[in-house]
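J.: Here you go, sequence then predicted model.
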Amino acid sequence: FIAIGLSILGYGIRFFCYHPEHPWMVVLPAPLLCFGFAGLWTLAPSMVADVVDSDELKTHKRREGMFGSIFWWTVKLGISAALAGGGLLLNATGFDVELGGDQSERTLFLLRLFDAIVPMTTSAIAIAAVWFFPITEQKAREVRDELERRRGSLDDTATEEDPA
């Protein structure tokens, strides 16, 4: 929550950092944005692992390949949607490639606005998704303990002699 919250702050600051007289300001929000990226890309795969464990507890099948492929397909779908949405938003700003750097004030304002509001909104959605994720840390530990009771822990198998 803290990491994604910091990235929301960074996106908000980014709105004010596009200034033609001070172009170096665009790098100021970068450290805050990195916290969000690192947090999300650390958390999401660990959530998939918790889902895999929970599924194994219910089905007695280990299907991490299936869940991993669904996860990455969803990531790719999100990237495609972001690219398509970015093009639609660019058109909505009135951006005209023929004008080059001489865009209207309205266009420049909308570009800055969309560049801040859209990622702030999607980051808030990510926080909500994590908040309402049904597998808590305690639940994940209980599932892991039950799985280890059922089939043994990795530590137990690591100490056994290799029959080969």
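T.: Sure, I can see it. Residues are numbered from 1 along each chain as shown.
J.: could you dump stretch 128-139 to PDB, C-alpha only?
T.: The C-alpha trace of stretch 128-139 is given here as PDB (Å, rounded to 0.1, in the frame of the first residue of the first chain):
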ATOM      1  CA  ALA A 128      -8.400  -1.800  -3.900                       C
ATOM      2  CA  ALA A 129      -7.700  -5.100  -5.600                       C
ATOM      3  CA  VAL A 130      -5.000  -5.900  -3.000                       C
ATOM      4  CA  TRP A 131      -7.200  -4.700  -0.200                       C
ATOM      5  CA  PHE A 132     -10.100  -7.000  -1.200                       C
ATOM      6  CA  PHE A 133      -7.900 -10.000  -2.200                       C
ATOM      7  CA  PRO A 134      -9.400 -12.800  -0.200                       C
ATOM      8  CA  ILE A 135      -6.100 -14.500   0.700                       C
ATOM      9  CA  THR A 136      -4.600 -12.700   3.700                       C
ATOM     10  CA  GLU A 137      -1.200 -13.400   5.000                       C
ATOM     11  CA  GLN A 138      -2.700 -15.500   7.800                       C
ATOM     12  CA  LYS A 139      -4.800 -17.500   5.400                       C
END
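J.: give me the low-pLDDT residue ranges for the chain?
T.: Applying pLDDT under 70 to the chain flags the ranges 154-164.
J.: switch to 80 and redo it
T.: Within the chain, the segments meeting pLDDT under 80 span 153-164.
J.: I'd like the distance between the residue nearest the centre of it and residue 58.
T.: Nearest to the mean C-alpha position of the chain, by Cα atoms, centre = their mean, lies residue 40 at 4.1 Å. Residue 40 sits 27 Å away from residue 58, going by Cβ to Cβ, to the nearest Å. (Each C-beta comes from the backbone N, C-alpha and C, glycine too.)
J.: And residue 14, by the same measure?
T.: 43 Å.
J.: now residue 89
T.: For residue 89 relative to residue 58 (Cβ to Cβ), the value is 41 Å.
J.: higher neighbour count, those two?
T.: residue 89 (17 against 8; other Cβ atoms under 10 Å).
J.: The more buried one: helix or strand, and which one exactly?
T.: helix 64-92 (DSSP states H and E).
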